[in-house]
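S.K.: coords below, sequence missing:
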């Protein structure tokens, strides 16, 4: 007796997994988007969120 196929989660193929190059998004003006030079500040997180949104919901 195995697990019914309807209960086995599907693993997406690599082509189906969206990726966002956060380094490319922030690298030009990193000092403008970071408080300590390592972690993004509110504006940096907004840039990251915008990049993800554009990737997940292209127009």
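M.R.: It's in. From a predicted model like this one, the values you see are computed outputs, not experimental measurements.
S.K.: what are the ranges of the helices in the chain?
M.R.: Along the chain, the stretches classed as helices by DSSP state H are 22-26, 42-56.
S.K.: What lies in contact with the longest one?
M.R.: By C-beta atoms under 8 Å, 6 or more residues apart in numbering, the residues outside helix 42-56 that reach it are 18-20, 22, 25-26, 32-34, 40. In short, each C-beta sits where N, CA and C put it, glycine included.
S.K.: Can you list the buried residues in it?
M.R.: Across helix 42-56, burial judged by 16 or more other C-beta atoms under 10 Å covers 44, 47-48, 51.
S.K.: in the chain, what spans have low per-residue confidence?
M.R.: 1-12, 14-15 (pLDDT under 70).
S.K.: re earlier: export the helices of the chain to JSON lines and tack on distance to residue 13?
M.R.: Below are the helices of the chain laid out as JSON lines (distance: least, C-beta to C-beta, whole Å):
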{"stretch": "helix 22-26", "distance to residue 13": "23"}
{"stretch": "helix 42-56", "distance to residue 13": "17"}
